[in-house]
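Participant: here is my input; please provide its structure:
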Amino acid sequence: MMRRMRLSPTLAAAALCVCCAGEPASSPDLPDASADLPDADVPPPEFDPLAIPVPWCAVDEAAIDARMSALSLRQQIGQHLIVGLRGDAAGPDADGRALIDTWAVGGVFLQPATGLALGAPETTAALLAQAQSQAVEATGVPLWVCIDQEGGTNAALNRLTGGTDTIGSTPIGQTRDPEVAFREFDLMGRELRALGVNLDLAPVLDTVHTTRNGNLNTRAFGPDAALNARLGQAAVVGLQRNLVVATAKHFPGDGLSSGNPHTDVVVIDTTREGGLDAHMEPFRAAIAAGTGAIMTMPALFSALDPERPAITSRIVHQQVLRQEMGFEGLIITDALGMRGASIGLDEGDLPGLEALRAGADLLLYVTVEPAQIEQLATAVEGALAAGTLSREELDASTRRILRAKARACLASEPPAGPGALSQPADAAMTRQHAARAIALVEDDGAALPLAGRRVVYVGPDTAFQDAGSGWLNLADRTMADALRDHDPAVESVLWALVPNAPALFSETMDAIAATQAQVLVIGTVQARWSLPQQQLVEWLIEAATIPVVHLTLGVPFDWIQSRGRVSAVLALGGLREPMIAAAAAVLYGDEAAGGQLLYDLSDERWSLDPGQPRPPGSDGPDRCQTRAVSCGGQGVCVDSGSVFGCVCHPNHHPSADGLDCVPDGR
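Facilitator: All right, here's what the predicted structure looks like:
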């Protein structure tokens, strides 16, 4: 039986995270994908992704010259734009048609719940085919079709949208195996190309040290730059052997920040010797692996350029990426509507124009109106006429785009079609990888295995909000469903979007009493940034008289709260089907957990005692200390960055300002 806090159908549709799929390329030198991978405690055999060939097409320079001559200036400007695509099987909507026909945009970006059809990959494939046909008719140049397909929770193409669920970057990191990284991204590349997608804004190569970065969540491999470099190379080759251009992001490295450049002005003062160069190493490795693109991020790195964010910095583009690192591929901006893109610009300056001046090739506009493109094109024409934008550099950049399209066989290799998606062998492979990714980080033997025990589970429903980033997510099954695969009698209490801690606490305690439960399983997702989840966990740990098992469904930082206070902890790093199915099998004793927790959280504290120094990786003074928040002696003050306030003891709740604990009833 399950108890749910229901989400309306409208919100459920809005919560959908979207993505796309692709076409396979042959490589006879690869080991059998169906073969068993090594046991987790045995070092994986040497796997060299750079030995795997990528079937790029030859580039005809005469054809590139002819195409350049045929483009008008406005069409040439359009080749530098990637814009959000909306539509259905009949083709792009009115704005999309205008952007393709009138402005000759060089690429389109599939948007959540608008470009990808829920449960209907045929519709998505038809939309992309119509868009490509319009583009070729308008200019003779096919489109980049791009998407954020990072894997796991952050994958637009998944079981809901017609593809195969993958495990995600943090679980890949917990396997420590480049072959797993290759196979996961090879699968995504095959499905993306089959659907008509040819440019993936992945992999994420940020090295995440701080436990306060909620924006990256499970999108990154982990805190080890050297390991990230090896996994990143495998991911790049996995995508590109399917003729899906890989995009290493977010250069020069988002892992140094606890801010979110989507909404914040992020300034990173780390010196090159003090850590920035180490964060750039995975990008160097990706360049060595032949990544077709690198994405710059809208944050200011003062050690590189004290005035401009990387996304509009000529120093970052020309001196660091082109000259120092020798990158010859495409430089793509992150979304130019993000707040950080305007750092250092005067009022009225256009981030897109400034990015072109800096040396970016492709400008990403996730949401844009044709009038905004008119404004940008007019500004670019004016800058060329005034000599403030080099025509020679713009021409070289346009040629680079046309060459990359020819090299990726955009005009000569049609998509295999949606029939190539969602193959049983692929689902079996990701399920195998998931078992190798799950980390059992605590187990006192009192709760596991769950077999033969009465269990109550409390955790997120199929629609939930990532408290670290604010993003909404949608899945097709819950952890409770996976547990019931092993025992249909498992009782569950589920929350949607933002949990109501008091109501969930009461429901859970009632369920424990009604079923005479022997084990309580708590699932949290990004609770490090969610006071309601932390409040629920605290109340349940304090009140439960039965063993408690804690599952960290997102990043493992939630363990900081429960460490040493529960019977067992599993770190999943994702909650798509393969991860929850493997976790349930581990909990019931049917499989062993093969993953390794990559973060050393031994010095991290859920709350800080007075006078306790900030733990490694945390930045800024602890507000609980500086403001002497005592929570009335009935709770613990938490400051994990974006979350600041009191988590209260049982029979108390936070005050209106969140900085005191008052008795229930007040």
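
Participant: show me the contacts for the residue most central in space within the chain.
Facilitator: The C-alpha lying nearest the average C-alpha coordinate of the chain belongs to Arg219 (C-alpha atoms, centre = their mean; 3.6 Å). Residues near Arg219 by C-beta atoms under 8 Å, 6 or more residues apart in numbering: 150, 154, 168-170, 204, 206. Using the backbone N, CA and C atoms, a C-beta is placed for each residue, glycine as well.

Participant: pLDDT-wise, what's the bottom of the residues you listed?
Facilitator: Comparing pLDDT over these, Asn154 scores lowest. The value there is 90.

Participant: bridging residues for that one?
Facilitator: Gly151 (DSSP bridges).

Participant: so it sits against Asp148, correct?
Facilitator: Yes: using C-beta atoms under 8 Å, Asn154 is in contact with Asp148, at 6.8 Å.

Participant: so those two - more neighbours on which side?
Facilitator: Neighbour tally, Asn154 and Asp148, criterion other C-beta atoms under 10 Å: the higher count belongs to Asn154, 27 against 23.

Participant: who are the neighbours in contact with Asp334?
Facilitator: By C-beta under 8 Å, 6+ apart, the contact set of Asp334 is 249-250, 261, 295-298, 311, 341, 364.

Participant: phi, psi of it?
Facilitator: With angles defined as degrees, to the nearest 10, Asp334 shows backbone torsions of phi -70, psi 180.

Participant: repeat that for Met295.
Facilitator: Here is the backbone geometry of Met295 (degrees, to the nearest 10): phi -100, psi 130.

Participant: lowest-scoring secondary structure element of the protein by mean pLDDT?
Facilitator: The helix or strand of the chain with the poorest confidence is helix 9-14; it has a mean of 30 (mean pLDDT, DSSP states H and E).

Participant: following that helix, which helix or strand shows up next?
Facilitator: Downstream of helix 9-14, the next assigned helix or strand under DSSP states H and E is helix 61-70.

Participant: what about Gly442, which SS state?
Facilitator: Residue 442: Glu, not Gly. Classification of Glu442 into helix, strand or coil gives strand, according to DSSP: H, G, I helix; E, B strand; the rest coil.

Participant: and it, how far from Thr388?
Facilitator: 60 Å (C-beta to C-beta, to the nearest Å).

Participant: do the same with Arg159
Facilitator: With distances defined as C-beta to C-beta, the gap from Arg159 to Thr388 amounts to 49 Å.

Participant: compare those two and say which one has the larger neighbour count.
Facilitator: Relative neighbour count places Arg159 above the other of Arg159 and Thr388, with 18 against 10, counting by other C-beta under 10 Å.

Participant: grab the nearest non-local neighbour of the more buried one.
Facilitator: Using C-beta to C-beta, 6 or more residues apart in numbering and skipping the chain neighbours, the partner closest in space to Arg159 is Asp165 (5.0 Å).

Participant: quick check, the one you found in contact with Asn158.
Facilitator: Yes: with contacts counted by C-beta under 8 Å, Asp165 reaches Asn158, the gap being 5.2 Å.

Participant: burial of Val136, as a residue count?
Facilitator: Val136 - counted by other C-beta under 10 Å - has 15 other residues nearby.

Participant: what about it, is that helix, strand or coil?
Facilitator: Taken by three-state DSSP, the conformation at Val136 corresponds to helix.

Participant: sec struct for the closest residue to it other than its chain neighbours, please.
Facilitator: Once its chain neighbours are removed from consideration, Val136 has its nearest residue in Pro142; the separation is 5.8 Å (C-beta to C-beta, 6+ apart). Under three-state DSSP, the three-state class of Pro142 is coil.

Participant: surely Pro142 meets Ala131?
Facilitator: No: Pro142 lies out of contact with Ala131 (C-beta under 8 Å); the separation is 9.7 Å.

Participant: which of those two has more residues huddled nearby?
Facilitator: Neighbours per residue, other C-beta under 10 Å: of Pro142 and Ala131, the larger number sits with Ala131, 26 against 21.

Participant: what's the first helix or strand after the strand or helix carrying Gln375?
Facilitator: Assigned by DSSP H and E, Gln375 falls within helix 370-386. Towards the C-terminus, the helix or strand next in line after helix 370-386, according to DSSP H and E, is helix 391-407.

Participant: can you list contacts of the helix or strand just after that following helix?
Facilitator: From helix 391-407 onward toward the C-terminus, using DSSP H and E, the following helix or strand is helix 424-437. The list of residues contacting helix 424-437 from outside it, by C-beta under 8 Å, 6+ apart, reads 33-34, 36-37, 40, 164-167, 171-172, 174-175, 177, 180, 183-184, 187, 191, 572-573, 577-579, 581-583, 585-586, 591-595.
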